[in-house]
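>>> Quick one: sequence and predicted model below, then my questions.
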Amino acid sequence: MQNPKNFPFSKKIPEGDNRERLVCGDCGWIHYVNPKVVVGAVVGHGGRLLLCRRAIEPRRGFWTIPAGYLEEHETPEAGASREALEEACADIAIDQLLAVYSVPRISQVQLIYRATLARPDFAPGPESLEVRLYDWDEIPWEELAFPSVHWALRQYRQVAGRTAFPAFSNPPSETGEY
């Protein structure tokens, strides 16, 4: 942790807590480190799915759904829409929550939505090398960036045509420890 004001932080278990935290020795302020929230969408259009080839690390050159970190003061739906605009220059219409994934190894919670293109226009944004629509049997499965992209695409297909369904989570054999 950066300590710009040179507060004397030390690791200790604060009163009423059960785990070590960074605590300021002068004022008692506790620095909580919490998971990051990732938001994204599986975007369909005409029976095909929108994928973005990553222009950034991690996994540069691999394909993913439009997704990224939720910003402060932003709803998850607005964040997923913003990510689609940033990564694919795509205006999307979110249908409903598709899945909530836990990836504890990297302290992430991922909220993935089901969406459609609001307009059939899209192009690579600054974080994408390429953006395209794939038919199911054309998806480059071996070139997908993350396990959660595999999960989301498969779960999206499971509920195709359904108007209501409970949100998915990590598949039973997947702990999110990738």
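Looks like it arrived, so ask away.
>>> Dump stretch 96-104 to CSV, keeping only the CA atoms.
The C-alpha coordinates for stretch 96-104 follow below in CSV (Å, rounded to 0.1, in the frame of the first residue of the first chain):
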residue,chain,number,x,y,z
GLN,A,96,-30.8,-9.5,-17.1
LEU,A,97,-28.0,-10.8,-14.8
LEU,A,98,-26.6,-14.0,-16.3
ALA,A,99,-24.0,-14.9,-13.7
VAL,A,100,-22.0,-14.0,-10.6
TYR,A,101,-18.6,-15.5,-10.5
SER,A,102,-16.1,-15.7,-7.6
VAL,A,103,-12.4,-15.6,-8.3
PRO,A,104,-10.8,-15.5,-4.9
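>>> Find the centremost residue of the chain, please.
For the chain, the residue nearest the mean C-alpha position is Val38 (3.3 Å; Cα atoms, centre = their mean).
>>> Run through the bridge partners of it.
Tyr69, Gln110 (DSSP bridges).
>>> repeat for the one 4 residues further on
Under DSSP bridges, the beta-bridge partners of Val42 are Arg114.
>>> Contacts only, for it.
Residues in contact with Val42 (Cβ atoms under 8 Å, 6 or more residues apart in numbering) are Leu49, Ile65, Leu98, Ile112, Tyr113, Arg114, Ala115, Ala152, Leu153, Tyr156. No exception for glycine: its C-beta is placed from N, CA and C like everyone else's.
>>> and if you look at Arg157?
Contact analysis of Arg157 by Cβ under 8 Å, 6+ apart lists Trp136.
>>> CA atoms only for the host helix or strand of it, dumped as PDB, please.
Here Arg157, judged by DSSP states H and E, is contained in helix 147-158. Presented in PDB, the C-alpha positions along helix 147-158 are these (Å, rounded to 0.1, in the frame of the first residue of the first chain):
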ATOM      1  CA  PRO A 147     -12.100 -19.500 -17.700                       C
ATOM      2  CA  SER A 148     -15.000 -17.200 -16.800                       C
ATOM      3  CA  VAL A 149     -15.500 -16.300 -20.500                       C
ATOM      4  CA  HIS A 150     -15.900 -20.000 -21.300                       C
ATOM      5  CA  TRP A 151     -18.400 -20.300 -18.400                       C
ATOM      6  CA  ALA A 152     -20.400 -17.200 -19.400                       C
ATOM      7  CA  LEU A 153     -20.700 -18.200 -23.100                       C
ATOM      8  CA  ARG A 154     -21.800 -21.700 -22.300                       C
ATOM      9  CA  GLN A 155     -24.300 -20.400 -19.700                       C
ATOM     10  CA  TYR A 156     -25.600 -17.800 -22.100                       C
ATOM     11  CA  ARG A 157     -26.300 -20.600 -24.600                       C
ATOM     12  CA  GLN A 158     -28.100 -22.700 -21.800                       C
END
